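1. Quick one, fold the following:
(2 chains)
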There are 2 protein chains.
Amino acid sequence: MSAGLGEFGRIQRFFAPLTAAAPGAFGLADDAAVIGDFVVTVDAIVEGVHFLPHDPPERVAQKLLRVNLSDLAAKGARPVGYVLTMALPSRCDDRWVERFAEGLAQDQTAFGVSLLGGDSVSTPGPITLSLTALGEPSACGMVRRTGAGPGDLIFVSGTIGDGALGLLAATGRLAEPQPGQRDYLIGRYQLPQPRLALGRALAGTAHAMMDISDGLVGDLEHLCAASAVGAVIEAAAVPLSEAAASLIALDPGLLETVLSGGDDYELLFTVAAEADMARLAAATGVNLTCIGRIEMGDAVRAVDRDGFPIGLSQTGFRHS
Amino acid sequence: MSAGLGEFGRIQRFFAPLTAAAPGAFGLADDAAVIGDFVVTVDAIVEGVHFLPHDPPERVAQKLLRVNLSDLAAKGARPVGYVLTMALPSRCDDRWVERFAEGLAQDQTAFGVSLLGGDSVSTPGPITLSLTALGEPSACGMVRRTGAGPGDLIFVSGTIGDGALGLLAATGRLAEPQPGQRDYLIGRYQLPQPRLALGRALAGTAHAMMDISDGLVGDLEHLCAASAVGAVIEAAAVPLSEAAASLIALDPGLLETVLSGGDDYELLFTVAAEADMARLAAATGVNLTCIGRIEMGDAVRAVDRDGFPIGLSQTGFRHS
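-> Now for the predicted structure:
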């Protein structure tokens, strides 16, 4: 995005007013909209921006679908169907498209979702893909970003930062990762795991929830802004994969990449109490970790084990 | 689209199987899908392919929205809301985006539809836009492409060929149009008129319906294939604007552009009898013209006034 208002500024200024007649659009301030009996979300990805030119077409298809399923997961919704547009350069031959469709087929089976429609057009530019996913909200309705209150505990699913480290690894910008680490991290970057069962189980329990696509700290700022609260997170509590932990041990500067980098697609949510979280983690097979607490105010702070502030030079990764 | 299977071949071979579990997707053989209480359609447009680099951003936004509303019109559905993705190069500054949103705002008022959500990303390539529109089907359900039967009369709304001639005019490929003609035709190319009231009025009456986006003859072939019938159209009956008629009088070769060119976004439909059409035309303010008849078989033929066949070297315009 060029200088000026930036992506969020443009959305707020030019596009949010276009939703005035649609309360279910929530002023474009949430991950998804509600229309009729459906939760609707949409994401676009561009070659060279959100995925790499040599990523396998199956993985590109799966990433496109999964980033949208991750939004549905964060809203406690069950995915039902999706529509798709593909702008493809002429070098994407029949075999590329076939492999792309094979990736979708695998994930349709894995996540119980079906293609409903699409459009395919040619482009002189990079591969550009857009997907709109429709889901059914839980009986408790769509989980919003807005319900966090002071005293809430802040939880994340899985491990944080693998996506950002995977992007560094895939583009040769990570000094000397072990081969196993490298494959693991690139896999995490290419293939997000939408936390659908967890998200659905959290509907009715989580006060506020979103998925982490632009970085833990930046996305927590969004959640807090939507809820009109602040937050403090303890950096040492942020759950790391073995690969991420050993890389940070070698280069502590990578901690900031982990806290601020994008592409995690884990769930970030707040709850009143820790009580049910262990049971939920066991039931869904996804680790859940308390990383901090919601506070009065509007600041999101990171502190070390001793409560001293950790400076963050960038608070969110921007794909664009 | 590159050589090989082509757009339709790829859709049929690789993507139609992905809809096996969703009967409302109609095997990707219709203009839209049915999911729950909604009709859903999606289209993408690319700068330099579907619109011109210097087209005003308001018009680009309106074209994007209207090509989707035209699909809803052709299914007899009432538009409700839409989601949008924009991949924008850095040269699209805040003012470009503001004007784009102004175009949407105008059409939201005109067509009673609301933005529900979106995503904006950067691209190193051309402006690439995708829009998913949701509509409510009429009480008679979604009008399909599949219901045409032998003996049905074939009707079109409005005038045919202005979009294709407008593209020629806008790109300097039309020899000496009058200034008034030029503006009219470019306007028709840039700003399709979705026939929403007409489409809705035809639900329950039209046996089969679609909008004409890829050219009259090619789209009639699609409708006939979906209905497993053939058709004969009388070329001289195809309704022309004054501009198109006078251009063809000067250059009869343009008749083929009119019959086969894209971007009309008029409705193509079949009915059992001519009876109600004059009343419907008066009620909706849209001209309706009978251009031919559905036949047994699988061929779509064009004939002159005396019934002699007219050869068509290309049967459909492809944007891609």
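2. Which pLDDT value does the model give A:Gly4?
-> pLDDT recorded at A:Gly4 is 85.
3. Just give the number of residues close to it.
-> 11 (other Cβ atoms under 10 Å in any protein chain shown). C-beta here means a position set from N, CA and C on the backbone, and glycine is covered the same way.
4. and it, that one's in a helix?
-> No - per DSSP: H, G, I helix; E, B strand; the rest coil, A:Gly4 lies outside any helix segment and is coil.
5. Check the gap between it and B:Leu84 for me.
-> Distance of A:Gly4 to B:Leu84, given as Cβ to Cβ, to the nearest Å: 19 Å.
6. Ok, A:Arg173 next?
-> A:Arg173 is 33 Å from B:Leu84, by Cβ to Cβ.
7. Mind telling me which residue of chain A is nearest chain B?
-> Closest approach of chain A to chain B (Cβ to the nearest Cβ) occurs at A:Gly125, with a separation of 2.0 Å.
8. Check whether the nearest residue to that residue once chain neighbours are set aside sits in a helix, strand or coil.
-> Spatial nearest neighbour of A:Gly125, chain neighbours left out: B:Gly125 (2.0 Å); criterion: Cβ to Cβ, 6 or more residues apart in numbering or on different chains. Classification of B:Gly125 using three-state DSSP returns coil.
9. Enumerate the helices of the stretch 151-300 of chain A by residue range, in sequence order.
-> A:162-170, A:179-190, A:196-202, A:216-227, A:242-250, A:254-260, A:277-284 (DSSP state H, counting those that start in this stretch).
10. and the angle for the fifth one with helix A:179-190?
-> For helix A:242-250 against helix A:179-190, the angle by axes from the mean of the first three to the mean of the last three Cα atoms, to 10 degrees is 110 degrees.
11. from the chain's centre, how far out does helix A:242-250 sit?
-> Its chain's C-alpha centre and that of helix A:242-250 lie 22 Å apart, by Cα atoms, centre = their mean, to the nearest Å.
12. One more: the fourth one?
-> A distance of 13 Å separates the centroid of the chain from that of helix A:216-227, by Cα atoms, centre = their mean.
13. Flag every buried residue along that helix.
-> A:216-227 (16 or more other Cβ atoms under 10 Å in any protein chain shown).
14. If you average pLDDT per helix and strand, which one of chain A comes out bottom?
-> helix A:6-10 (a mean of 89; mean pLDDT, DSSP states H and E).
15. CA atoms only: put that helix into CSV for me.
-> In CSV, the C-alpha atoms belonging to helix A:6-10 read as follows (Å, rounded to 0.1, in the frame of the first residue of the first chain):
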residue,chain,number,x,y,z
GLY,A,6,-2.5,3.3,4.7
GLU,A,7,-4.7,0.2,4.4
PHE,A,8,-6.5,0.6,7.7
GLY,A,9,-7.0,4.4,7.2
ARG,A,10,-8.5,3.8,3.8
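16. Which other helices and strands does it contact?
-> Helix A:6-10 is packed against no helix or strand, with contacts defined by 3 or more Cβ pairs under 8 Å, 6 or more residues apart in numbering or on different chains; DSSP states H and E.
17. ok, then the element right after that helix?
-> strand A:33-35 (DSSP states H and E).
18. Now do that next one: which elements does it pack against?
-> Using 3+ Cβ pairs under 8 Å, 6+ apart: strand A:33-35 touches strand A:38-46, strand B:78-88, strand B:114-122.
19. Strand partners (parallel or antiparallel) of the second one?
-> It stands for strand B:78-88. Neighbouring strands of strand B:78-88 in its sheet, by DSSP bridges, are strand B:114-122 (parallel), strand B:128-136 (antiparallel).
20. Let's have those in a markdown table, adding mean pLDDT and mean neighbour count.
-> As requested, those are exported to a markdown table (pLDDT from 0 to 100; neighbours: other Cβ atoms under 10 Å in any protein chain shown):
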| stretch | mean pLDDT | mean neighbour count |
| --- | --- | --- |
| strand B:114-122 | 96 | 24 |
| strand B:128-136 | 98 | 28 |
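21. Compile the ones you listed into a markdown table and extend it with columns for distance to B:Val232.
-> Output for the strands paired with strand B:78-88, formatted as a markdown table (distance: least, Cβ to Cβ, whole Å):
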| stretch | distance to B:Val232 |
| --- | --- |
| strand B:114-122 | 43 |
| strand B:128-136 | 32 |
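22. do you know which of those lies nearest B:Leu288?
-> Ranking the strands paired with strand B:78-88 by proximity to B:Leu288 (Cβ to Cβ) places strand B:128-136 first, at 21.8 Å.
23. what's in contact with stretch A:97-108?
-> A:56-62, A:65-66, A:86, A:88, A:113-115, B:10, B:13-15, B:17-18, B:21 (Cβ atoms under 8 Å, 6 or more residues apart in numbering or on different chains).
24. Show me what counts as buried in that stretch.
-> Those would be A:97, A:99-105, A:107-108, for stretch A:97-108 by 16+ other Cβ under 10 Å.
25. just stretch A:28-43 next, same as before
-> So for stretch A:28-43, counting by 16+ other Cβ under 10 Å, buried means A:28-35, A:38-43.
26. Farthest-apart pair in those residues, please.
-> Taking Cβ to Cβ, no two of these sit farther apart than A:Ala29 and A:Phe38, at 18.7 Å.
27. which residues of the stretch 101-250 of chain A score low on pLDDT?
-> A:177 (pLDDT under 70).
28. What parts of it come near chain B?
-> Contact residues, the stretch 101-250 of chain A versus chain B (Cβ under 8 Å from any Cβ of the partner chain): A:101, A:104-105, A:108, A:114-126, A:128, A:130, A:132, A:134.
29. switch the cut-off to 6 Å
-> A:101, A:104, A:114-117, A:119-123, A:125-126, A:128, A:130, A:132 (Cβ under 6 Å from any Cβ of the partner chain).
30. Out of these, which comes closest to B:Arg188?
-> For those, the nearest to B:Arg188 is A:Val121 (21.0 Å; Cβ to Cβ).
31. Next, format the helices and strands packed on strand A:33-35 as TSV and append distance to A:Ala206.
-> Shown next, in TSV, are the helices and strands packed on strand A:33-35 (distance: least, Cβ to Cβ, whole Å):
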stretch	distance to A:Ala206
strand A:38-46	15
strand B:78-88	24
strand B:114-122	21
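32. Quick one, which of those strands gets closest to B:Ser138.
-> strand B:78-88 (7.6 Å).
33. Need the residues that contact that closest one.
-> The contact list for strand B:78-88 (Cβ atoms under 6 Å, 6 or more residues apart in numbering or on different chains) reads A:22, A:35, A:42, A:44, A:46, A:128, A:130, A:132, B:69, B:72, B:111, B:113-114, B:116-121, B:123, B:127-136.
34. Only C-alpha atoms, please: export it in CSV.
-> Taking C-alpha atoms only, strand B:78-88 is exported to CSV below (Å, rounded to 0.1, in the frame of the first residue of the first chain):
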residue,chain,number,x,y,z
ARG,B,78,-32.6,-9.1,-5.6
PRO,B,79,-29.1,-7.9,-4.5
VAL,B,80,-28.5,-7.6,-0.8
GLY,B,81,-24.8,-7.2,-0.1
TYR,B,82,-21.3,-7.8,-1.4
VAL,B,83,-17.7,-8.3,-0.4
LEU,B,84,-14.8,-7.0,-2.3
THR,B,85,-11.0,-7.6,-2.7
MET,B,86,-8.7,-5.1,-4.3
ALA,B,87,-5.1,-5.8,-5.3
LEU,B,88,-3.7,-2.3,-6.0
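35. Now do it and strand B:38-46, the angle between them.
-> Using the same axes, to 10 degrees: strand B:78-88 against strand B:38-46 is 30 degrees.
36. Buried ones from the contacts of stretch A:97-108, can you make that a PyMOL selection?
-> To isolate in PyMOL the members of the contacts of stretch A:97-108 that are buried, counting by 16+ other Cβ under 10 Å, one can use:
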select buried, (chain A and resi 57+58+59+60+61+62+65+66+86+88+113+114+115) or (chain B and resi 10+14+15+18)
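37. Which residue ranges make up each domain of chain A?
-> Per automatic domain parsing, the domain ranges recorded for chain A read A:31-136, A:153-303.
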